[in-house]
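Asker: show me the folded form of this:
(one chain, ligands or ions: 1)
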Amino acid sequence: MTAQNGVTNGNHHSSPKVSFTEFTQYIDGAAVDTKATRCGINPATKQNLWPVPVSTSDHLDRAVEAATKAFKTWSRKPYEERQRSVLAFADAVEEYKEELTNLLTTEQGKPTWQAALEAGAGIDWIRGMAKLSVPEDVVEETDTKKTVVRYTPIGVVGAIIPWNFPLMLCTAKIAPALLTGNVVICKPSPFAPYCGLKLCEIAQRFFLPGVVQSISGGDDVGPWMTSHPGIGKISFTGSSPTGKLVMQSCAKTLKRVVLELGGNDPAIVCGDVDIEKVAPKIATFAFLNSGQICLNMKRIYVHESIYQEFLTAMARHVKTMTMGNGLDSGIVLGPLQNKMQYDRVARFFDDIPKENWKAVTGGKMKDSNGYFIEPTIIDNPPDNSRIVMEEPFGPIVPALPWKTEDEVVRRANDTRMGLGASIWSRDLERADRLARQMEAGSVWINSHFDLSPLAPFGGHKESGIGTEWGINGLKAMCNVQSIFYNKSLDEV
Ligand code: NAD
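Answerer: A predicted model of the protein is given here:
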């Protein structure tokens with residue numbers, strides 16, 4: 001494999017052939033294979049996919065050294081030049097959108113139409129964030145004094161990516177890091193490494209060696225990154241338990257961290273909704289990506305006046321969701337992404353008979369060629385049950401009746417998570433009143449999931465620290481510097 005680097009002006013005239021059956025990591029602008037390799041697994045078939053490198057800590061040291069060198073040049077480029085290169089990268093990703101979409105389905109399991117949405121969002125997030133900048137603020141000025149606040153890049157950013165959105169969460173970390181003048185080392189999840197590695201390979205054409213690098217390997221690469229003294233910031237997306245380990249490890253070198261972690265999103269459905277319209281939407285938001293989205297609805301609170309009817313309508317819709325290999329047409333639900341997650345979700349199914357939970361759809365695990373689990377709604381389990389308190393990260397969700405606003409607000413907030421929440425009602429005033437009481441980073445009225453590269457995204461409580469995207473996300477990639485000018489030496 002040959003590296004194609006050195007095009008630094010952002011002009012992209014022809015698309016060199018990119019192989020979608022060979023994958024490697026890029027360090028200092030060159031493809032770097034390793035003696036040891038490992039393979040991801042297609043979760044729809046349990047077949048091994050292509051080999052990827054297994055790095056040693058020496059590979060990371062080399063990447064950090066190259067990044068540190070590249071930072072000196074990249075950070076000094078004018079914003080417009082960085083923006084041009086980043087936008088040219090977005091165009092190239094778009095050229096390979098179809099290949100990336102199929103690759104994403106193959107490694108992650110989600111149906112191709114959902115993979116195409118993720119690929120589209122990955123591109124939109126690069127372009128959206130390239131519209132933003134963080135100019136200097138003059139915060140006060142008199143005849144004699146001026147105070148300016150500026151945002152300076154931190155240096156080497158380590159981007160640690162999970163397996164559920166391996167494409168979009170990669171571009172959505174690369175773009176803000178580079179726009180603000182940082183350089184980035186991307187570490188995809190060992191469970192789903194392919195899209196991330198390919199994106200970093202495509203990026204080589206637009207950036208100097210060392211500006212965008214990838215590192216591939218097993219479970220030890222993340223801890224090497226969080227403890228590496230040459231990395232200045234970790235942008236981490238993953239589970240809350242891992243996020244705590246990341247923060248602990250980053251504390252030793254006082255690295256900057258943004259943690260985007262798990263969720264246990266409540267949806268509060270009021271008694272005035274059109275059941276036939278809203279129930280299918282709620283079921284969709286609960287089971288999209290087979291429940292493996294941080295922002296899936298994980299607790300569905302329905303007003304008692306419509307609870308039974310709503311539950312029946314949701315169950316009816318769930319039965320229409322076709323499950324299968326995401327590469328086939330007409331599929332709505334793919335498999336769980338990996339065996340670890342499949343086994344973890346299986347434990348919730350083991351609890352159904354043990355805890356006397358009532359499953360209105362699904363409810364049983366079946367053997368198959370892939371990691372498939374039927375979507376399951378649990379009818380009114382106790383508030384303190386595991387299925388209500390924890391994030392299963394799979395296609396099993398509790399439905400719970402509620403009576404009064406105060407009660408449902410208390411129950412919805414009674415969690416250590418605080419990622420998203422949604423309120424469903426025709427009465428917008430009431431919905432707004434409830435929305436403003438939610439302890440969550442993103443709150444939706446009559447929707448769930450609407451996100452924007454222009455709006456900050458992050459969790460309250462144990463769902464995370466800091467935000468990504470929007471102006472806040474760009475600022476999170478920066479150090480803050482205040483400069484105090486005294487205009488005349490005579491005044492000093
Ligand atoms: P995970 O925490 O197991 O892994 C995430 C990444 O961290 C992977 O790249 C993994 O290799 C790496 N990692 C593992 N141990 C590490 C360590 N000790 N130090 C540093 N890195 C380490 O998460 P996952 O299972 O890949 O993803 C699912 C979780 O991610 C769910 O809880 C989900 O809610 C959450 N998630 C959150 C968001 C968000 O934006 N808030 C988005 C997607 C997923």
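
Asker: ok and the residue in the chain nearest the ligand?
Answerer: Gly222 (2.1 Å; CB to the nearest ligand atom). Where C-beta positions appear, they are placed from N, C-alpha and C, glycine not excepted.

Asker: distance between the helix or strand hosting that residue and the chain's centre?
Answerer: Taking DSSP states H and E as the criterion, Gly222 maps to helix 221-227. Helix 221-227 has its average C-alpha position 19 Å from the chain's average C-alpha position, going by CA atoms, centre = their mean, to the nearest Å.

Asker: what sits against the residue positioned nearest the centre of the chain?
Answerer: For the chain, the residue sitting closest to the mean C-alpha position, by CA atoms, centre = their mean, is Leu169 at 4.4 Å. Residues counted as contacts of Leu169 (CB atoms under 8 Å, 6 or more residues apart in numbering) are 161-162, 237.

Asker: relative to Lys244, how far out is it?
Answerer: 19 Å (CB to CB, to the nearest Å).

Asker: looking at the contacts of Leu169, which is nearest Asn486?
Answerer: Thr237 (43.9 Å; CB to CB).

Asker: what bridges to the closest residue in space to that closest one that isn't next to it in sequence?
Answerer: Nearest in space to Thr237, with sequence neighbours left out and distances taken as CB to CB, 6 or more residues apart in numbering, is Glu260 at 4.2 Å. Partner residues in beta bridges with Glu260: Thr237, Gly464, with DSSP bridges as the criterion.

Asker: show the subsequent helix or strand relative to whichever strand or helix holds Asn102.
Answerer: Secondary structure here is read from DSSP H and E; on that basis Asn102 sits in helix 97-108. As assigned by DSSP H and E, the chain's next helix or strand after helix 97-108 is helix 112-130.

Asker: chain center to the helix holding Asn102: distance?
Answerer: Between the centre of helix 97-108 and the centre of its chain there are 17 Å (CA atoms, centre = their mean).

Asker: show me what that helix packs onto, helices and strands only.
Answerer: Using 3 or more CB pairs under 8 Å, 6 or more residues apart in numbering; DSSP states H and E, the elements in contact with helix 97-108 are strand 37-42, helix 112-130, helix 194-203.

Asker: now those in JSON lines, with mean pLDDT, distance to the ligand and mean neighbour count?
Answerer: JSON lines is the format used below for those (pLDDT from 0 to 100; distance: least, CB to the nearest ligand atom, whole Å; neighbours: other CB atoms under 10 Å):
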{"stretch": "strand 37-42", "mean pLDDT": "98", "distance to the ligand": "12", "mean neighbour count": "18"}
{"stretch": "helix 112-130", "mean pLDDT": "98", "distance to the ligand": "11", "mean neighbour count": "21"}
{"stretch": "helix 194-203", "mean pLDDT": "98", "distance to the ligand": "9", "mean neighbour count": "25"}
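
Asker: residues touching Ala115, list them.
Answerer: Applying CB under 8 Å, 6+ apart, we find Ala115 in contact with 101-102, 104-105, 108, 167, 326.

Asker: excluding chain neighbours, what is closest to it?
Answerer: If you skip the residues right next to it in sequence, Ala115 has Leu104 as its closest partner in space, 4.0 Å away by CB to CB, 6+ apart.

Asker: hey, what's Leu333 bridged with?
Answerer: With DSSP bridges applied, the residues forming beta bridges to Leu333 are Met323.

Asker: list the contacts for it?
Answerer: Contact analysis of Leu333 by CB under 8 Å, 6+ apart lists 111, 287, 290, 321-324, 372, 375, 395.

Asker: and the residue nearest to Thr34 when sequence neighbours are not counted, what are its phi and psi?
Answerer: Once its chain neighbours are removed from consideration, Thr34 has its nearest residue in Pro53; the separation is 4.0 Å (CB to CB, 6+ apart). For Pro53, the backbone dihedrals are phi -60, psi 150 (criterion: degrees, to the nearest 10).
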